[in-house]
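Q: predicted coordinates and the sequence they were generated for:
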Amino acid sequence: MACHDEYECLPDTVHPVVHASAGALAGIGEHCVMYPVDVVKTRMQCINPDPHAKYRGITHAMREIITHEGIFRPVRGMHVVALAAGPAHALYFSSYEKLKIIFSGNLQAGHNPIANGLAGCFATLFHDAMMVPADAIKQRLQIYNSPYSGAIDCLRKVARSEGLTALYRSYTTQLTMNIPFHSVHLITYELLQDTLNYDRTYDPLSHVISGGGAGAIASAFTTPLDVCKTLLNIQDCLPQHSSSTTTSTSTAIKSSPANGLFTAIRYIYTNGGILAFFKGLTPRVLYQVPSTAVAWSVYEFFKHFLSAPTTKTVSAGDLISDDQTKLSNQITDTRHMTTSSHPHHTQPHSHSILHLLSTSTTHVPK
């Protein structure tokens, strides 16, 4: 389907790297802006947490972490996700833009929810292939009393004791969560844009509202799967401790590790019931709302910034080049005519050249 909106689809003169660059910057901003809240979410999702890591809420958790573990503890592991988010989101946004156009070509014109959802599903495959290992390392560094001194130490110990495939243990669960997450997210964003920004112009406020609203709905919808993913990522590195309330639960968790989505679901339900699937719901939503708002705002800004100047610069350059060529040709023709009519005069009449210069004014759009 041809795209008639120069902003909504970047012009053909823009290299695909531009899409990727805008997506990379958006992804890094998305994951870093609310990273401390993500730390709280990870700890609150633990099924059987250390007694010192039980929190009443986000504010209490943040205060306890900073007081007892240091001011930099809430950002531990952020560099890992930042390094992975760049290429992961570059692939995600660039493939989403291209696939959205391809799928829309076989459907009705306009922003079709089915095309947007399908594009989001396929874009997620590329995104998660890079983000899953980084997410596993990040969450192992986020937990209370983590046994790793840093990302390199974590990678080395996991490779030695569990194998590098352990970093992809939650890949199926991540896809199971992220495909509906990104589908709901993108469909909601496009629908909100149809309502708030029907003409699809660059409107920062509409991008913030649409991005935040889409993130809130999608994150709340997929929280149970996020709890399963957290269990799969951190179960092997949780500190060993005795629960003061339920010893049998602690024993069950140590002796029966979950190795997939269905065992994780059974595991969580056995040890926490239905409500356990919604542990960390509030910090997850609070993390996603500003994160997705920032991601879409940054991405839409770069779409606007990179599309408008490119079109104007090319048009102005073409007009200047064309006018200069025409002027040169006219001067050459005048010289030829003058020489032919006056064989003894080799210089053209100066008034003819001045006339051409005055009438050949270059017009450049402002």
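A: Cool, the structure landed.
Q: next one: phi and psi at the closest residue to Asp50 other than its chain neighbours?
A: Nearest non-adjacent residue to Asp50, counting by Cβ to Cβ, 6 or more residues apart in numbering: Tyr144, 5.1 Å away. C-betas here are computed from N, CA, C, even on glycine. Torsion angles at Tyr144 (phi, psi; degrees, to the nearest 10) stand at phi -70, psi 140.
Q: for Asn48, see how far away Tyr144 is.
A: 12 Å (Cβ to Cβ, to the nearest Å).
Q: the helices in this protein, which residues?
A: Remark: helices assigned in the chain by DSSP state H are 16-33, 35-44, 58-69, 78-105, 113-142, 151-161, 171-196, 204-221, 223-234, 247-255, 261-272, 281-341, 350-359.
Q: could you give me the average pLDDT of the longest one?
A: Averaging pLDDT along helix 281-341 yields 67.
Q: can you find the helix or strand of this structure with the lowest average pLDDT?
A: helix 247-255 (a mean of 41; mean pLDDT, DSSP states H and E).
Q: shaky segments in the stretch 101-250 of the chain?
A: 106-111, 236-250 (pLDDT under 70).
Q: still on that earlier bit, could you dump the helices of the chain to JSON lines with distance to His52 and mean neighbour count?
A: Compiled in JSON lines, the helices of the chain are given as follows (distance: least, Cβ to Cβ, whole Å; neighbours: other Cβ atoms under 10 Å):
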{"stretch": "helix 16-33", "distance to His52": "27", "mean neighbour count": "21"}
{"stretch": "helix 35-44", "distance to His52": "11", "mean neighbour count": "24"}
{"stretch": "helix 58-69", "distance to His52": "8", "mean neighbour count": "15"}
{"stretch": "helix 78-105", "distance to His52": "23", "mean neighbour count": "21"}
{"stretch": "helix 113-142", "distance to His52": "15", "mean neighbour count": "22"}
{"stretch": "helix 151-161", "distance to His52": "21", "mean neighbour count": "15"}
{"stretch": "helix 171-196", "distance to His52": "28", "mean neighbour count": "20"}
{"stretch": "helix 204-221", "distance to His52": "27", "mean neighbour count": "21"}
{"stretch": "helix 223-234", "distance to His52": "16", "mean neighbour count": "24"}
{"stretch": "helix 247-255", "distance to His52": "15", "mean neighbour count": "13"}
{"stretch": "helix 261-272", "distance to His52": "19", "mean neighbour count": "17"}
{"stretch": "helix 281-341", "distance to His52": "18", "mean neighbour count": "17"}
{"stretch": "helix 350-359", "distance to His52": "84", "mean neighbour count": "11"}
